[in-house]
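Student: coordinates for the following, if possible.
(2 chains)
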Amino acid sequence: MRLFEFEAKKLIKDEGIPVPEGRMAEDVSGVKKIFSELGGAPVVIKSQILAGARGKSGGITFAGTAEQAEEEAGRLLGSKIREFPVKNVLIEEKVKIAEEFYLGVTIDRMRYKIVLIACAEGGVEIEEVAKSSPEKIKKLAFDANEDFYPHHGLVIARRLGLSGDKMKEFGKIASKLFKAFKKYDAKLLEINPLVYTDDGRWVAVDTRMSIDEDALFRQKTLVELGVEGRHEEGELTPRELEAREAGIPYLDLDGNIGMFPGGAGMGIASIDLITDLGGSPANFMDSGGGPTPERLARMLKLLVDNPKVDVIFGARFGGVSRCDVFAEGVIMYLKDEKPEKPMIMRMTGNMWKEGLEMFEKAKAESPGLFEKIKIYGIETPIEDVAKEAVEAADEISAGKGVVR
Amino acid sequence: MSILIDEKSRVVVQGITGGAGVFHTKKMLEYGTKVVAGTSPGKGGHEIEGVSVYDTIEECVKEQGADVSVMFIPPRFVLDGAIEAIEAGIRLLVVIPEMIPVHDMLKIRLAAVKKGCTVIGGNTAGLISPGKCNVGIMPEITFKQGRIGIVSRSGSLNYYVADTLTKSGLGETTCVGLGGDPILGSTFSDILPMFENDPQTEGVVIVGEIGGVYEEEAAGAIKKMKKPVVFFVAGRNAPKGKRMGHAGAIVEGDMGTADSKIRAMKEAGAGIAYKFSEIPGLFGSKVGTGR
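Tutor: Numbers count the residues shown, from 1 in each chain, chains lettered A, B, ... in the order given. Below is the predicted model of the structure:
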């Protein structure tokens, strides 16, 4: 989960890392006051959105006078940068840059290490530098239980060719950044650029931080910042928001086949399966382990209510979950909502026979509900069931005059 | 033979008194798995499904000879529980819970490597050596003792691949679910040499998923193998950059895409399956003839 720049800066400032003097603004009314509070010198105005390349997309601007600052802030606020609405801006003193460095901490998943990364050529082209001149990237790797000692900071600073106070101060910042990374259960914490000013100070001009949402239970400070429930990146569609509120991992796609799978792995693979057969999935969805009947009914409702969806394709494998619970959820939904859309499903795994019996019983009681519902068991290959769903969807599209 | 678990494995259930602990203890016992103990701090002395409950793993190891542990505890308690199991001398730890903090997984991996313990998960359905032992939450229905090893990130895909192998008559030696979390206790390259050294295993299916780096990393281990390897990856048609439920399945950088994984696997000499039904054919005459 990515933090906003102003949030990340607050956290590293609290650790003692110098950041530019700055204030937040949600509207233009206070901008002139902020300008004078910052000393009346030139400022930088930065849109606070959860996306990179803000500078290249026009999300960062400069102002030399209070009037200009007000005008520039007004232009950014309420506009969209890379499709993200700008709700607030960070106004900061403009730092006099002499040199730009890169300093970051992240996790090397392959080697199970926490890695400190530094480079004397920071700025927006850092990834290019890493590709073209990998020798310029200096790294120190740590086991999860290893401490960061002051000498580690000096070692990396020396490898960058720094000396004297400049080296010592860089080392301290590295040490503090590493400490903040661990303290906040971060997955990424980087300062880019870490600027050395022409009056001989280090300043963290931009900061990016991603934290582990699975560790929020022990991160009171982060919860107080209001990061809980924030999406990884970007904006959600109304249906994605609705699913999110119901606690269902869900993504909208463009097609007409509503995907009603089991776990996330099969959720992803069934998109391949349907696409390879010439069909077009309307969504990705993950039931999570052991969904309740209510949750399953909620998932189905989400699909059926989507006007783009013509057919539902279900693939349930009772692993953590049970097929009798699956049947209960589907039957509950059919009885409550009496949907018109065809559903083609396959069900195997834990208690699949019991599940099929429940469907047969419900069908005998109210056959009308099951006119467009087909449930297959373990004897029918998943590819055959998927094919039937794709054909049914094609038929409905053809009836609507849609060519797919 | 099989890898990691067999009819001699002695299993302890961490969190045996919780709802999932009780349900899956019963299922594992029905399968024939030797569940010899359970833990639930403060409830030592009780019994669940005829299995003795202890307060600590140390007691389960001393009194019942437990050597495998499977966890049904909330993610925030996994770090403590895992270190406890590793220090008590458990040789295989199966972490069923999902959403374990990544910094905790780093610590668990470190402790495990130091003590020679294999950690599977988090967010795994567990592992099964069909006909011998089932540790975790996989339904036994699709598995049949046979010749092929499966190592998969996704539980649900593991079932579908096993279903295919069972119907083709090849069957499975051991099926390992690595788990769906972003940092895993074991990777493909930890498991593949075990299959290479297992006399009964004649070939291996690797079931990958978009996101992460573990499939690409496995290429080196595959090159060292004599046995045939088939690769299946989920997410060839996933929209790039969209998050797909499993915390790990995030398309990231050059590595992590289905294309990158297929390329690495092809280069390492693995056969590529685009559908479940293609898997048995890709082993061709390389398996099932020399017995």
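
Student: and residue A:340, that one's in a helix?
Tutor: No: Residue A:340 is assigned coil when assessed by DSSP: H, G, I helix; E, B strand; the rest coil, not a helix.

Student: ramachandran coordinates for it?
Tutor: Per-residue torsions, residue A:340: phi -90, psi -20 (degrees, to the nearest 10).

Student: count of residues packed around it?
Tutor: Residue A:340: 8 surrounding residues under other Cβ atoms under 10 Å in any protein chain shown. Using the backbone N, CA and C atoms, a C-beta is placed for each residue, glycine as well.

Student: distance check, it against residue A:65.
Tutor: 64 Å (Cβ to Cβ, to the nearest Å).

Student: ok, now residue A:111?
Tutor: Per Cβ to Cβ, residue A:111 is found 51 Å from residue A:65.

Student: got any ranges where the chain has weak pLDDT?
Tutor: Chain wasn't specified; assuming chain A. Across chain A, the ranges flagged by pLDDT under 70 are A:229, A:231-235, A:289, A:319-320, A:401-404.

Student: please go with chain B instead
Tutor: For chain B, the stretches with pLDDT under 70 are B:239-255, B:288-291.

Student: how's it carved up into domains?
Tutor: According to automatic domain parsing, chain B comprises the domains B:11-121, B:139-286.

Student: in JSON lines, list these along with distance to residue A:350 and mean neighbour count.
Tutor: As requested, the domains of chain B are exported to JSON lines (distance: least, Cβ to Cβ, whole Å; neighbours: other Cβ atoms under 10 Å in any protein chain shown):
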{"stretch": "domain B:11-121", "distance to residue A:350": "8", "mean neighbour count": "21"}
{"stretch": "domain B:139-286", "distance to residue A:350": "4", "mean neighbour count": "22"}
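
Student: what's the closest of those domains to chain A?
Tutor: Among the domains of chain B, domain B:139-286 comes nearest to chain A, with 2.1 Å by Cβ to the nearest Cβ.

Student: show me the helices in the chain, by range?
Tutor: By default, I'm working from chain A. Along chain A, counting by DSSP state H, helices occupy A:5-14, A:31-37, A:66-76, A:126-132, A:150-159, A:164-183, A:220-225, A:238-245, A:264-276, A:293-304, A:323-337, A:352-365, A:382-400.

Student: please refer instead to chain B.
Tutor: B:19-31, B:57-64, B:78-87, B:102-115, B:155-168, B:188-197, B:214-223, B:258-268, B:279-283.

Student: OK, contacts around the residue of chain A found nearest chain B?
Tutor: As assessed by Cβ to the nearest Cβ, chain B sits closest to residue A:265 within chain A, at 2.1 Å. Applying Cβ atoms under 8 Å, 6 or more residues apart in numbering or on different chains, one finds that residue A:265 lies in contact with B:152-158, B:180, B:207, B:209, B:234, B:246.

Student: from those residues, which single one is nearest residue B:171?
Tutor: The shortest gap between residue B:171 and any of those belongs to residue B:158, at 14.3 Å (Cβ to Cβ).

Student: what bridges to the closest residue to that closest one other than its chain neighbours?
Tutor: Nearest non-adjacent residue to residue B:158, counting by Cβ to Cβ, 6 or more residues apart in numbering or on different chains: residue B:152, 4.1 Å away. Residue B:152 has these beta-bridge partners by DSSP bridges: residue B:177, residue B:207.

Student: I'd say residue B:152 and residue B:174 touch.
Tutor: No: with contact defined as Cβ atoms under 8 Å, residue B:152 does not count as touching residue B:174 (11.5 Å).

Student: can you report how many residues neighbour the closest residue to residue A:349 other than its chain neighbours?
Tutor: Counting by Cβ to Cβ, 6+ apart, residue A:349 lies nearest to residue A:318, which is 3.0 Å off, once chain neighbours are set aside. Number of residues near residue A:318 (other Cβ under 10 Å) recorded here: 23.

Student: so who does residue A:318 touch?
Tutor: Neighbouring residues of residue A:318 by Cβ under 8 Å, 6+ apart: A:326, A:347-352, A:355, B:139.

Student: try it again at 7 Å.
Tutor: Counting by Cβ atoms under 7 Å, 6 or more residues apart in numbering or on different chains, residue A:318 makes contact with A:326, A:348-352, B:139.

Student: and which of those residues is nearest residue A:373?
Tutor: residue A:326 (13.3 Å).

Student: next, format the contacts of residue A:265 as JSON lines and append distance to residue B:38.
Tutor: Putting these into JSON lines (distance: Cβ to Cβ, whole Å) gives the following:
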{"residue": "B:152", "distance to residue B:38": "27"}
{"residue": "B:153", "distance to residue B:38": "28"}
{"residue": "B:154", "distance to residue B:38": "27"}
{"residue": "B:155", "distance to residue B:38": "22"}
{"residue": "B:156", "distance to residue B:38": "27"}
{"residue": "B:157", "distance to residue B:38": "29"}
{"residue": "B:158", "distance to residue B:38": "25"}
{"residue": "B:180", "distance to residue B:38": "25"}
{"residue": "B:207", "distance to residue B:38": "30"}
{"residue": "B:209", "distance to residue B:38": "32"}
{"residue": "B:234", "distance to residue B:38": "34"}
{"residue": "B:246", "distance to residue B:38": "28"}
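
Student: circling back to that earlier point, of all the helices of chain A, which one is nearest residue A:103?
Tutor: Among the helices of chain A, the nearest to residue A:103 by Cβ to Cβ is helix A:164-183 (6.2 Å).

Student: report the buried residues of that closest one.
Tutor: A:166-167, A:169-182 (16 or more other Cβ atoms under 10 Å in any protein chain shown).

Student: what's the first-to-last distance across stretch A:86-103?
Tutor: The straight-line separation of the ends of stretch A:86-103 (Cα to Cα, to the nearest Å) is 27 Å.

Student: any idea how far residue B:264 is from residue B:220?
Tutor: Distance of residue B:264 to residue B:220, computed by Cβ to Cβ: 10 Å.

Student: and what of residue B:59?
Tutor: From residue B:59 to residue B:220 the distance is 41 Å (Cβ to Cβ).

Student: isn't residue B:52 up against residue B:40?
Tutor: No: using Cβ atoms under 7 Å, residue B:52 is not in contact with residue B:40; the gap is 11.1 Å.

Student: residues contacting residue A:346?
Tutor: Contact analysis of residue A:346 by Cβ under 7 Å, 6+ apart lists A:314-315, A:376, A:380, A:382, A:385.

Student: can you tell me which of those residues is nearest residue A:295?
Tutor: For these, the nearest to residue A:295 is residue A:314 (14.2 Å; Cβ to Cβ).

Student: wait, isn't that closest one in contact with residue A:342?
Tutor: No: Residue A:314 lies out of contact with residue A:342 (Cβ under 7 Å); the separation is 11.1 Å.

Student: which one of those two has more residues nearby?
Tutor: Looking at residue A:314 and residue A:342 with other Cβ under 10 Å, you find the greater number of neighbours at residue A:314, namely 27 against 19.

Student: returning to what we had before: among the domains of chain B, which comes closest to residue A:391?
Tutor: Across the domains of chain B, residue A:391 has its closest neighbour in domain B:139-286 (17.3 Å, Cβ to Cβ).

Student: that closest one spans what distance, first to last residue?
Tutor: End-to-end span of domain B:139-286 (Cα to Cα): 29 Å.
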